[in-house]
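Novice: give me a model of this one.
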Amino acid sequence: MTHSFVLHIPDAELEPEPLAPEQIVSGTPEVTGKVVWESEDGRQVRGIWQITPGVVTDTEADELFVVVSGSATIEVEGGATLTVRPGDMAVLREGDRTTWTVHETLRKAYAINL
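Specialist: You can find the predicted model right below:
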């Protein structure tokens, strides 16, 4: 999108974004998402992401996100354990290795810098 816009996050339609099998620690979590804006050089991405309950691992990008619904505990290897709920803003650093324990389906709006 090249213009200003508004999007109601709770009702936004999302597309499947399958997890790599090696990321799944337990459960059968499913991920969906939608990129709503990307810079011309692809180094800035804004979007919506959702994951159903389960436990997964990830290596993070430089990201700021706000939780819209659901809850999770995010363990950062060698760092803090973050508990996120609706209304919480969180920051993850590029290269953070994380384990996400998703308690209830979590939906977030994010801004990533690559």
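
Novice: rest of the way, CA atoms for contacts and neighbours
Specialist: Will do.

Novice: quick check: closest non-adjacent residue to the residue nearest the centre of the chain.
Specialist: The residue lying closest to the centre of the chain (Cα atoms, centre = their mean) is W49, at 4.9 Å. Leaving out its chain neighbours, the residue that sits closest to W49 by Cα to Cα, 6 or more residues apart in numbering is G33, at 4.2 Å.

Novice: can you pull the poorly scored residue ranges out of the chain?
Specialist: Under the criterion pLDDT under 70, the flagged ranges of the chain are 1-2.

Novice: what's the single longest strand in it?
Specialist: Taking DSSP state E as the criterion, the chain has its longest strand at strand 97-113.

Novice: wait, a strand at the residue nearest to the centre of the chain?
Specialist: Yes. Checked against DSSP: H, G, I helix; E, B strand; the rest coil, W49 lies within a strand.

Novice: separation between it and V35?
Specialist: Here the criterion is Cα to Cα, to the nearest Å. By it, W49 lies 9 Å from V35.

Novice: try W100
Specialist: W100 is 21 Å from V35, by Cα to Cα.

Novice: what residues sit buried inside stretch 98-112?
Specialist: The neighbour-count check on stretch 98-112 (16 or more other Cα atoms under 10 Å) flags 98-103, 105-112 as buried.

Novice: list the residues that contact the residue nearest to the centre of the chain.
Specialist: Applying Cα atoms under 8 Å, 6 or more residues apart in numbering, one finds that W49 lies in contact with L14, V31, T32, G33, K34, R107, K108, A109, Y110.

Novice: how many neighbours does the first one have?
Specialist: Burial of L14, expressed as a neighbour count using other Cα atoms under 10 Å, amounts to 14.

Novice: partners of the closest residue to it other than its chain neighbours in the sheet?
Specialist: Counting by Cα to Cα, 6+ apart, G33 is the residue found nearest to L14 once chain neighbours are left out, at 4.8 Å. Beta bridges link G33 to E15, W49 when assigned by DSSP bridges.

Novice: quick one: contacts of stretch 5-18?
Specialist: E30, V31, T32, G33, K34, I48, W49, V68, S69, R107, A109.

Novice: now the helices for this structure?
Specialist: In the chain, no helices are found when defined by DSSP state H.
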